[in-house]
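Q: Pasting the sequence and the predicted coordinates here, then a few questions.
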Amino acid sequence: MSFQRKAARSIRRWMAATRRRRQRGQTLLIVLVFLAAFMILIWAALRLASDAFLGLGAVRSDTRTTYALDAGVAYGLEYAHLTATTCVAVNPPALSLNYPPAITVTVTMTVPAGCTAANPAYDVRVTASGTSRIVRAQIFRSNAGANPWLVRWEAYQ
């Protein structure tokens with residue numbers, strides 16, 4: 001091999017090594033930029049997921065209390081049917097629902113204006129522990145059907 005070939009090969013090796021040395025920092029910088037972008041993407045996804053889970057808990061809690069308030073109206077209907085009293089204010093015993101946090105439902109039944117033995121009715125007020133919402137309803141006795149007590153109107157407050 002001639003001296004010129006050896007010198008040319010040596011120069012090529014030196015140039016390639018120099019190029020590699022200059023590119024080491026650039027590669028590290030590119031990897032760090034991609035890593036930072038990926039971490040921001042992961043953070044955003046986890047943030048959205050945590051917000052969704054927190055919203056789900058609120059929906060479950062609201063659903064539990066709504067069901068409890070509705071159960072109070074049904075409890076008032078059944079209590080009026082079983083006691084067979086007319087135009088006398090009654091307060092049924094509190095109803096306890098065995099949800100993971102137990103909910104106590106309180107029903108108050110008052111006599112509305114115009115209540116007679118021929119046309120009995122009750123104003124029902126239902127409250128539940130764990131919520132400030134109230135359900136008001138009016139129930140009346142009808143002579144038709146299997147269950148003589150029906151709901152005339154119902155309002156959530």
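A: Arrived safely, thanks for sending.
Q: Please make it C-alpha for all contacts and neighbour counts, starting now.
A: OK.
Q: Contacts made by stretch 82-102 with the rest, please.
A: Stretch 82-102 is contacted from outside by 64, 68, 72, 76, 79, 103-111, 115-117, 120-122, using C-alpha atoms under 8 Å, 6 or more residues apart in numbering.
Q: and it, average pLDDT?
A: The average pLDDT for stretch 82-102 rounds to 85.
Q: Quick check: end-to-end length of it?
A: Terminal residues of stretch 82-102 lie 26 Å apart, using C-alpha to C-alpha, to the nearest Å.
Q: Same question for stretch 92-104.
A: Stretch 92-104: ends 13 Å apart by C-alpha to C-alpha.
Q: Stretch 78-88 too?
A: End residues of stretch 78-88 are separated by 16 Å (C-alpha to C-alpha).
Q: Which members of the contacts of stretch 82-102 occur in helices, if any?
A: Mapping these onto helices (DSSP state H) picks out 64, 68, 72, 76, 79.
Q: Centroid-nearest residue for the chain?
A: V59 (1.8 Å; C-alpha atoms, centre = their mean).
Q: What strand or helix carries it?
A: helix 3-83 (DSSP states H and E).
Q: chain center to the following helix or strand past that helix, what's the gap?
A: Once the chain leaves helix 3-83, the next helix or strand it forms, by DSSP H and E, is strand 95-97. Taking C-alpha atoms, centre = their mean, to the nearest Å, the mean C-alpha location of strand 95-97 is offset from the chain mean by 21 Å.
Q: buried sites along strand 95-97?
A: Of all the residues in strand 95-97, those buried under the rule 16 or more other C-alpha atoms under 10 Å are 95, 97.
Q: Please apply the same query to stretch 119-127.
A: So for stretch 119-127, counting by 16+ other C-alpha under 10 Å, buried means 120-127.
Q: For those residues, give me a markdown table that also has pLDDT.
A: What follows is the buried residues of stretch 119-127, written out as a markdown table (pLDDT from 0 to 100):
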| residue | pLDDT |
| --- | --- |
| P120 | 87 |
| A121 | 89 |
| Y122 | 91 |
| D123 | 93 |
| V124 | 94 |
| R125 | 95 |
| V126 | 95 |
| T127 | 93 |
